[in-house]
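Student: here is a sequence with its predicted model. Questions after.
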Amino acid sequence: MAGIQSKKAKRILRILVESIVCLAIGALIVISFAMPDVGHQWDLLKQGECDSIPFAISTLILFRFLLYFSPAFLVWILLMLFFKKCTRGKRIALLIDCYNVQFFAFSIIAALYNLFGFDYLFNLDILSKMDAFVFILGLLVTLFIKKEIPIKEINKIDSIETSDE
């Protein structure tokens, strides 16, 4: 019984540490793009008043790519340094787990950000497009690993949706 609690404690600790590292990396990415005020170019692009459209679009793509992909990937690389004897399948599963933890941490931050009204207070919209990205990435990962969703799970989702209406 102590081994099970120890495994759960280690798992919770690892999720907490991964979340903190992902958030720290994400914060560094946001700060590095905020320092030269690249967000102002994105606002001008949204309003149709941007002078350097290719620069604004390329920095926006780079920002989102770095924010969505690099934190979990860097955590995965750090974990690979500690778990050198992982098989290929376990490495992929660990990478997927790192992305799960990253998007979990980002979702918590986005929920708190919206709950406390910081989106209106600071007029910043950093993580708003993440939900669609996570959905599409989850679909692609499911297709690549070819893991089928059991019919029972689909029926549960259907019953929840019909009870809401």
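Tutor: Perfect, I can see it now.
Student: looking at this structure, which helix or strand is least sure?
Tutor: When the helices and strands of the chain are scored by mean pLDDT, DSSP states H and E, helix 151-164 comes last with a mean of 53.
Student: buried residues in the top helix by length along the chain, which are they?
Tutor: Criterion DSSP state H: the longest helix present in the chain is helix 2-34. Neighbour counts using 16 or more other Cβ atoms under 10 Å place 18-19, 21-23, 25-26, 29-30, 33 of helix 2-34 among the buried residues. All C-beta atoms are positioned from the backbone trio N, CA, C, and that covers glycine.
Student: do the same with stretch 106-118
Tutor: So, applying 16+ other Cβ under 10 Å, buried residues of stretch 106-118: 106, 109-110, 113.
Student: could you list the low-pLDDT ranges of this protein?
Tutor: Along the chain, segments meeting pLDDT under 70 span 1-4, 124-127, 131, 142, 145-165.
Student: centroid-nearest residue for this protein?
Tutor: The chain has residue 103 as the residue nearest its centroid, 3.0 Å off, counting by Cα atoms, centre = their mean.
Student: my guess is that one meets residue 134, correct?
Tutor: Yes. Look at residue 103 against residue 134 with Cβ atoms under 8 Å: they come within range, at 5.1 Å.
Student: returning to that earlier point: would you format the buried residues of helix 2-34 as TSV with distance to residue 64 included?
Tutor: Below are the buried residues of helix 2-34 laid out as TSV (distance: Cβ to Cβ, whole Å):
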residue	distance to residue 64
18	21
19	20
21	20
22	15
23	17
25	14
26	11
29	10
30	11
33	10
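Student: which one among the residues you listed gets closest to residue 87?
Tutor: residue 18 (20.5 Å; Cβ to Cβ).
Student: not counting sequence-adjacent ones, nearest residue to that closest one?
Tutor: Once flanking residues are discounted, residue 18 sits nearest to residue 101: 4.4 Å by Cβ to Cβ, 6 or more residues apart in numbering.
Student: so which elements touch the helix or strand where that neighbour lies?
Tutor: Assigned by DSSP states H and E, residue 101 belongs to helix 88-115. Where contact means 3 or more Cβ pairs under 8 Å, 6 or more residues apart in numbering; DSSP states H and E, helix 88-115 is packed against helix 2-34, helix 53-82, helix 130-145.
Student: angle of it against helix 2-34?
Tutor: Per axes from the mean of the first three to the mean of the last three Cα atoms, to 10 degrees, the angle that helix 88-115 makes with helix 2-34 is 60 degrees.
Student: before I go, just wanted to say thanks for your time.
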